[in-house]
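Asks: For reference, the sequence and a predicted model appear below.
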Amino acid sequence: MPQTTSATPSATPFGPATLHDRTVVIVGGTSGIGLSAAIQAKAAGAKVIVIGVDRDRAARVAADHGFAGWRAADVTNSQAIEAALADIPHVDHLVLLAGTFVAGKIMDADVDYLRRAFDERIWAAVAAIRALGDRLASDGSITLISGALADRPNAYGTAILAAASAAMEAFARGLALELAPRRVNTLSPGTTDTPLLLRTLGNGRDAYVASVTEKLPLRRLGTAEEVGAAVVFLMSNGFMNGETLHIDGGGRLV
């Protein structure tokens, strides 16, 4: 039988150490999961640039956490995305987490509003990847985001968002082949305790959280820190490719 040898760390990079001195760009990195991922990537030695929709907040977050830079852009505007990325000479890891909770029944809601679910996800990703071009390292990665609705849609006006979330997972698998050897993966979080949850639900947040946590095996929501750690994993594990990583506390089981 042929002899086998153990792979060297450089051949199969694994763990936070692989982010040392790497440039990480996180779109949607000024709050919630994106901010937590940015903080953890910086702690692992990465040079982190965050992009958010609010200019003042992006500047403040970058200063508060010592990030390498910040940009402001509306992800539904391809020209704004191009401008935000234009002066970054090299990117090792691109993370695309931006997106609002677009909800409305197709017979009632404004169609232009519903289109945002795809504009903020699929078309924003297309714009960012095209804008970077060869400046995205050939041994780098792209991390997209979907969500639990991709597997478990409901009857409360989330059909379009569920479709957009599922599309992100298929999109990542196709890109993993099209952009090889760059790695492309999707993060699929369950309900996570972030500012987006409060903005979406308002005064109904507590009642919703109580109803969800009662059903979950862990009896609690995920935290931004836990989901952010999954983003770091997808960036730093050099053999993770074309996959959807579910981090939902077992939510798909109930």
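Replies: Perfect, I can see it now. Residues are numbered from 1 along each chain as shown.

Asks: any idea how far Asp92 lies from Asn237?
Replies: Computed as Cβ to Cβ, to the nearest Å, the Asp92 to Asn237 distance reads 14 Å. Backbone N, C-alpha and C define where each C-beta goes, glycine included.

Asks: now Ile122
Replies: Following Cβ to Cβ, the distance that separates Ile122 from Asn237 is 25 Å.

Asks: more neighbours, the two?
Replies: Legend: neighbour count by other Cβ atoms under 10 Å for Ile122 and Asn237, higher for Asn237 (19 against 16).

Asks: Can you tell me what sits against stretch 202-210?
Replies: Here stretch 202-210 makes contact (Cβ atoms under 8 Å, 6 or more residues apart in numbering) with 191, 193, 197-198, 201, 221.

Asks: quick check, distance from that stretch to the centre of its chain.
Replies: How far stretch 202-210 lies from its chain's middle: 24 Å, per Cα atoms, centre = their mean, to the nearest Å.

Asks: likewise stretch 245-254?
Replies: Relative to its chain's centre, stretch 245-254 lies at 17 Å (Cα atoms, centre = their mean).

Asks: list the buried ones in that stretch?
Replies: Residues of stretch 245-254 classed as buried: 245-249, 251 (neighbour count, 16 or more other Cβ atoms under 10 Å).

Asks: and if you look at stretch 221-233?
Replies: If you call a residue buried by 16+ other Cβ under 10 Å, then stretch 221-233 has these buried ones: 221-222, 224, 226-233.

Asks: ok so, going back, Gly133: which of the buried residues of stretch 245-254 is nearest?
Replies: Comparing the buried residues of stretch 245-254 against Gly133 with Cβ to Cβ picks out Leu245 as the nearest, at 26.3 Å.

Asks: Figure out how far the lowest-mean-pLDDT helix or strand in the chain is from the centre of its chain.
Replies: The weakest-scoring helix or strand in the chain, judged by mean pLDDT, DSSP states H and E, is helix 195-201 (a mean of 73). Mean C-alpha position of helix 195-201 versus that of the full chain (Cα atoms, centre = their mean) differs by 17 Å.

Asks: and if you look at stretch 159-175?
Replies: Distance, centroid of stretch 159-175 to centroid of chain: 13 Å (Cα atoms, centre = their mean).

Asks: Please spell out which residues along it are buried.
Replies: Here stretch 159-175 shows 159-162, 164-169, 171-173, 175 as buried, counting by 16+ other Cβ under 10 Å.

Asks: Also stretch 132-148?
Replies: 132, 136-137, 140-148.

Asks: which ones among those residues are found in helices?
Replies: Leu132 (DSSP state H).

Asks: Run through who's touching the longest helix anywhere in the chain.
Replies: Taking DSSP H as the assignment, the helix of the chain that covers the most residues is helix 159-178. With Cβ under 8 Å, 6+ apart as the test, helix 159-178 has contacts from 101-106, 114, 117-118, 120-122, 125, 129, 142, 144-147, 149-150, 153, 183-186, 188, 241-244.

Asks: can we see that at 7 Å?
Replies: The contact list for helix 159-178 (Cβ atoms under 7 Å, 6 or more residues apart in numbering) reads 102-103, 106, 114, 117-118, 121-122, 125, 142, 144-147, 149-150, 153, 183-186, 241-242, 244.

Asks: Any regions of the stretch 1-150 of the chain where pLDDT drops low?
Replies: 1-17 (pLDDT under 70).

Asks: May I see the buried residues of the least confident helix or strand of the chain?
Replies: Within helix 195-201, the residues that count as buried by 16+ other Cβ under 10 Å are 196-197.

Asks: That helix packs against which elements?
Replies: helix 205-215 (3 or more Cβ pairs under 7 Å, 6 or more residues apart in numbering; DSSP states H and E).
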